[in-house]
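*Asks:* prediction below, plus the sequence it came from.
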Amino acid sequence: MEIKCKFCNSKEVIRRGVRITKNRGKVQRFGCKDCHQRFSIDEGFWKMKNHKDKITACMNLYYSGMSLRKIQSHLQMFAPKNSHYPTIYRWIVKYVEMIGGDTDRLQIENGKELMSDEMEYHRLGQQNWFVDVMDTETRFIVASDYMESRTLDDMTKVLKKGRKTITQPISVITTDGLRGYPRILRRTFGVDKNYGNFVNKRKSPITHNIVIASERGFNHKIERLHGTIRERTKVMRGFHGSLESARAIMKGFEIYYNYIRKHQGIDSNTPQQVAMKNLDLGTNKWLSLIKLSCC
């Protein structure tokens, strides 16, 4: 990471002491040789009252399956200063939104097939949907969104987002039997060649593979992903907050699945290690993602 002066943007920077904080430990200070100003680098934890390792540990515990109240009890045993569970929840939402804004701009080395599917959820007594698109070779979720309804515009938005994430051409898109998919894929990839009275004489290189569970079996790779998400969310008793809050929590699942959780189907690697081989996140992957989002 290249360090520049935050006042004059100079690269002539040296280490100049540390700043002692009560809960975050020592924070490195830097000095600029040109403007002679001293400063610290914002690595995503500016003015936070808790240590970065504590915050990222809570995020990892939450997405590994521990409830907010159990994380609070865990902190009471092992952390010098306890944090209330609403505070932990705010950490999760804050840093998921921070990381998600950066990871949405990254691109992957994908395979030849994408899978798209939906999961039904209930929030405040209303039916909602979680829609995701996966690259079957790397198991990387190239796009996802939590939405109130499966409109054509909302579904198209997710597929277009997935199209921007991949770098290699695909040959197959596999979906379930939802009637709107041919129209959605026509908008996104030009897949649907026959729509109403219109016939596109230009043959599309992409095939729409429709798999109906009652007839031909499940899309087992994406259903395995959904099983992992259901295993975690079934104990949450629904989302009790706003749509934006639920969307942030589900975005965190996407980040956790892509960058943190190891997958046995790809030799105990994370999807990111297969799809983005040049990106090394080290041991504390949550912390590395937060720092990347601040660069």
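*Replies:* Yes, it's here.
*Asks:* can you give me the mean pLDDT across stretch 252-264?
*Replies:* Computed over stretch 252-264, the mean pLDDT rounds to 93.
*Asks:* and if you look at stretch 150-166?
*Replies:* 94.
*Asks:* now swap in stretch 26-40 and tell me
*Replies:* On average, stretch 26-40 scores 88.
*Asks:* how about the helices in the protein?
*Replies:* With DSSP state H as the definition, the chain shows helices at residue ranges 52-64, 68-78, 85-103, 152-165, 181-189, 213-216, 220-233, 243-255, 271-275, 285-294.
*Asks:* out of the ones you listed, nearest to residue 42?
*Replies:* Checking the helices of the chain against residue 42 by C-beta to C-beta gives helix 285-294 as the closest, at 6.0 Å. The way it works is simple: take the backbone N, C-alpha and C, and place the C-beta from them, glycine included.
*Asks:* what's opposite residue 129 in the beta bridge?
*Replies:* Residue 129 forms beta bridges with residue 120, residue 147, as assigned by DSSP bridges.
*Asks:* gap between it and residue 155?
*Replies:* For residue 129, the distance to residue 155 (C-beta to C-beta, to the nearest Å) stands at 9 Å.
*Asks:* ok, residue 124 next?
*Replies:* Distance from residue 124 to residue 155, by C-beta to C-beta: 22 Å.
*Asks:* residue 41 contacts residue 28, correct?
*Replies:* Yes - at 7.3 Å, residue 41 and residue 28 qualify as touching, with contact defined as C-beta atoms under 8 Å.
*Asks:* more neighbours, these two?
*Replies:* Taking other C-beta atoms under 10 Å, residue 41 and residue 28 do not tie; residue 41 has more neighbours (17 against 13).
*Asks:* what sits closest to that one if chain neighbours are left out?
*Replies:* residue 3 (6.6 Å; C-beta to C-beta, 6 or more residues apart in numbering).
*Asks:* shaky segments in the stretch 51-200 of the chain?
*Replies:* 192-200 (pLDDT under 70).
*Asks:* do that again at 80, thanks
*Replies:* For the stretch 51-200 of the chain, the stretches with pLDDT under 80 are 80-81, 191-200.
*Asks:* comparing residue 124 and residue 155, which residue is more hemmed in?
*Replies:* More crowded of residue 124 and residue 155, by other C-beta under 10 Å: residue 155, with 25 against 12.
*Asks:* apart from its chain neighbours, what residue comes closest to that one?
*Replies:* Once flanking residues are discounted, residue 155 sits nearest to residue 184: 4.9 Å by C-beta to C-beta, 6+ apart.
*Asks:* report the contact partners of that neighbour.
*Replies:* Counting by C-beta atoms under 8 Å, 6 or more residues apart in numbering, residue 184 makes contact with 152, 155-156, 159.
*Asks:* swap in 10 Å and give it another go.
*Replies:* Listed by C-beta atoms under 10 Å, 6 or more residues apart in numbering, the contact set of residue 184 reads 116, 150-160, 173, 175, 178, 191-192.
*Asks:* residue 226 and residue 116 touch, don't they?
*Replies:* No - counting by C-beta atoms under 10 Å, residue 226 sits too far from residue 116 to count as a contact (11.9 Å).
*Asks:* more crowded one of the two?
*Replies:* Of the pair residue 226 and residue 116, residue 116 is the one with more neighbours under other C-beta under 10 Å, namely 26 against 17.
*Asks:* list the beta-bridge partners for that one.
*Replies:* Residues in beta-bridge contact with residue 116 (DSSP bridges): residue 133.
*Asks:* pretty sure it sits against residue 180.
*Replies:* No - with contacts counted by C-beta under 10 Å, residue 116 stays clear of residue 180, the gap being 11.2 Å.
*Asks:* shared neighbours of these two, which are they?
*Replies:* Common neighbours of residue 116 and residue 180 (C-beta under 10 Å, 6+ apart) are residue 155.
*Asks:* which residues are contacting stretch 263-282?
*Replies:* 103, 106-111, 134-142, 165-167, 220-221, 224-225, 228, 255-262, 285, 287-289, 291-292.
*Asks:* likewise stretch 153-162?
*Replies:* Contact with stretch 153-162 is made by 104, 110, 114, 116, 118, 129, 131-135, 141-145, 147-151, 170, 173, 175, 178, 180-181, 183-189, as judged by C-beta under 10 Å, 6+ apart.
*Asks:* excluding chain neighbours, what is closest to residue 5?
*Replies:* The spatially closest residue to residue 5, leaving aside those adjacent along the chain, is residue 32, at 4.0 Å (C-beta to C-beta, 6+ apart).
*Asks:* what's the neighbour count on that neighbour?
*Replies:* Burial measure for residue 32: 22 neighbouring residues, criterion other C-beta under 10 Å.
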